[in-house]
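Participant: Quick one, structure for this:
(one chain, ligands or ions: 1)
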Amino acid sequence: MNRILIIAPNWIGDAVMSQLLLANLKVIYPQSQIDVLASPWVAPIYRACTEVRQVIEARLEHKQLQWGLRKQLAKQLELNQYDACFVLPNSLKSALIPWLANIPLRIGYRGEMRFGLINFSLANPSKTNRPPMANHYLALSNVLDHSQNLDINQSADPKLNISLASQKAIDAKLVAAAIKEKIIYVFCPGAEYGVTKRWPADHFANLAQELIANKSDAHVILLGSKGDRELGEDIRAKANNDQKIHNWCGNTSLDEAIALIGMSKALISNDSGLMHIGAALKVPQVAIFGSSDPHHTPPLSDKAKVIWLNLPCSPCHKRECPLGHLKCLKDISPENVFEAIQNLH
Ligand code: SF4
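Facilitator: Okay, the predicted model is just below:
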């Protein structure tokens, strides 16, 4: 096997989880070159994977067929003569490009009835007893060569690397913001999923105050997307410290965010894609879970501490609290999280 194409998932956390698959493919097929077709918002994850030769970016939007663009990409990719393609998303349309590009081995989960488009498939996992995402992807590396006899429950942790260019870019940003101290706590207060995955802004603000009061040379940087900017402002206003608390939501590229998280003293996040980046960089971190299940998408790192109250109603996987009180998150106090941070190493 010389040339492998990966069709990337659309979520940052899933992309991080897929690094283990790439690493295992390199072990099974050491001579192979791995390219990844990814949307611009997850492409930086694959640029941080040493196994990847080339990341091909394409604006393939969620829930849109974009037939013309897919045909054009397939034509371009056919020139690379891939031997195999691993299709990580489950949608029918995500399997179109490798089929149109005449890639002979097209591997993936059966997904949305993709018979023919995927010609080496695994059955979809049960909805009630889903394996951790990393193992879900890793199992695909076993599809073509069963002799590997891979035990997918014995997986290592995902690993990302910070590029020199990203490190330089973030160093320049820190200088421009007059942040000289290297005690930086990164907070990621957003979660695209909804409020049931977002620890309250008041709690983030109180935690920021406590951390700064505890270490006078510490700074707190809020990271997230443009959509989290308002939430970041709210936290900053509530914490009332413009000198030490910086709202960078929407102001950093994902490449820069990876570099910043990599140099932080600790990362405090919800169950989000940035949480998985922290785990893959082996940064000390506290991951706060509410309505979701930390057994399914845990931060895979021995430096991570998960805080989850495991209430009788949890995990409910709802985007809004059906009970109206959001106790799974509100009852995790800033003091709990502060204490967890003090015990990280
Ligand atoms: S029902 Fe329970 S787990 Fe779900 S959001 Fe409400 S408090 Fe959280």
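Participant: which residues touch stretch 119-137?
Facilitator: For stretch 119-137, the external contacting residues (Cβ atoms under 8 Å, 6 or more residues apart in numbering) are 13-14, 17-18, 20-21, 88, 90, 105-111, 114, 139-140, 143-144, 152-153, 155, 158, 295-298, 300. Bear in mind the C-beta positions are built from the backbone N, C-alpha and C, glycine included.
Participant: Just the ones of these in strands?
Facilitator: 105, 106, 107, 108, 109 (DSSP state E).
Participant: which residues pair with the first one across the strands?
Facilitator: Okay, so that is residue 105. For residue 105, the beta-bridge partners under DSSP bridges are residue 84.
Participant: Need the pLDDT of it.
Facilitator: Residue 105 carries a pLDDT value of 96.
Participant: And it, how close does it get to the ligand?
Facilitator: Taken as Cβ to the nearest ligand atom, to the nearest Å, the spacing of residue 105 relative to the ligand amounts to 42 Å.
Participant: Residues of the chain that sit close to the ligand?
Facilitator: Within the chain, the positions adjacent to the ligand are 196, 290-291, 311, 313-314, 316, 318, 321-323, 326-328 by Cβ under 6 Å from any ligand atom.
Participant: contacting residues around the closest residue to residue 22 other than its chain neighbours?
Facilitator: Excluding the flanking residues, the one nearest residue 22 by Cβ to Cβ, 6 or more residues apart in numbering is residue 51, at 4.2 Å. Taking Cβ under 8 Å, 6+ apart, we find residue 51 in contact with 19, 22, 23, 25, 26, 34.
Participant: which one among the residues you listed gets closest to the ligand?
Facilitator: The ligand lies nearest to residue 19 out of those, by Cβ to the nearest ligand atom, at 29.4 Å.
Participant: How about the secondary structure of the residue of the stretch 51-200 of the chain found nearest the ligand?
Facilitator: Residue of the stretch 51-200 of the chain nearest the ligand, by Cβ to the nearest ligand atom: residue 196 (4.2 Å). Following DSSP: H, G, I helix; E, B strand; the rest coil, residue 196 is assigned to helix.
Participant: what's the neighbour count on the closest residue to it other than its chain neighbours?
Facilitator: Excluding its sequence neighbours, the residue lying closest to residue 196 (Cβ to Cβ, 6+ apart) is residue 291, at 3.7 Å. By other Cβ atoms under 10 Å, the residues close to residue 291 number 25.
Participant: One more: the one 4 residues further on?
Facilitator: Taking other Cβ under 10 Å as the neighbour definition, residue 295 ends up with a count of 13.
Participant: before we move on, what about residue 175?
Facilitator: For residue 175, using other Cβ under 10 Å, the count is 10.
Participant: The residue nearest to residue 196 reaches residue 322, doesn't it?
Facilitator: No - Residue 291 is not in contact with residue 322 according to Cβ atoms under 8 Å; the separation is 9.4 Å.
Participant: hmm, back to that, in TSV, list the ones in strands among the contacts of stretch 119-137 along with neighbour count and distance to residue 232.
Facilitator: Formatted as TSV, the ones in strands among the contacts of stretch 119-137 follow (neighbours: other Cβ atoms under 10 Å; distance: Cβ to Cβ, whole Å):
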residue	neighbour count	distance to residue 232
105	17	45
106	25	42
107	22	40
108	24	37
109	21	36
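Participant: Let's have these in TSV, adding distance to residue 77.
Facilitator: Converted to TSV, the ones in strands among the contacts of stretch 119-137 look like this (distance: Cβ to Cβ, whole Å):
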residue	distance to residue 77
105	14
106	12
107	16
108	16
109	21
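Participant: Of the residues of the chain next to the ligand, which is the most crowded?
Facilitator: Most neighbours among these, by other Cβ under 10 Å: residue 290, with 29 neighbours.
Participant: just checking, residue 269 is part of a strand?
Facilitator: Yes - according to three-state DSSP, residue 269 belongs to a strand.
Participant: partner residues bridging it?
Facilitator: In this entry, residue 269 is beta-bridged to residue 188, residue 287, by DSSP bridges.
Participant: do you know how far it is from residue 205?
Facilitator: Taking Cβ to Cβ, to the nearest Å as the measure, residue 269 falls 15 Å from residue 205.
Participant: which of these two has more neighbours?
Facilitator: residue 269 (28 against 23).
Participant: Test my guess that the more buried one contacts residue 275.
Facilitator: Yes - with contacts counted by Cβ under 8 Å, residue 269 reaches residue 275, the gap being 4.3 Å.
Participant: Pull out the buried positions in stretch 279-298.
Facilitator: Across stretch 279-298, burial judged by 16 or more other Cβ atoms under 10 Å covers 279-281, 283-294, 297-298.
Participant: re the thing from before, in the contacts of residue 51, which residue is surrounded by the most others?
Facilitator: Of all the contacts of residue 51, the most densely surrounded is residue 19 (27 neighbours; neighbours counted as other Cβ under 10 Å).
Participant: Which residue is the nearest non-sequential neighbour of that one?
Facilitator: residue 158 (4.1 Å).
Participant: ok, now residue 221?
Facilitator: Excluding the flanking residues, the one nearest residue 221 by Cβ to Cβ, 6+ apart is residue 246, at 4.8 Å.
Participant: secondary structure class for the one you found?
Facilitator: Assignment for residue 246 (three-state DSSP): strand.
Participant: thought it was touching residue 174?
Facilitator: No - using Cβ under 8 Å, residue 246 is not in contact with residue 174; the gap is 9.5 Å.
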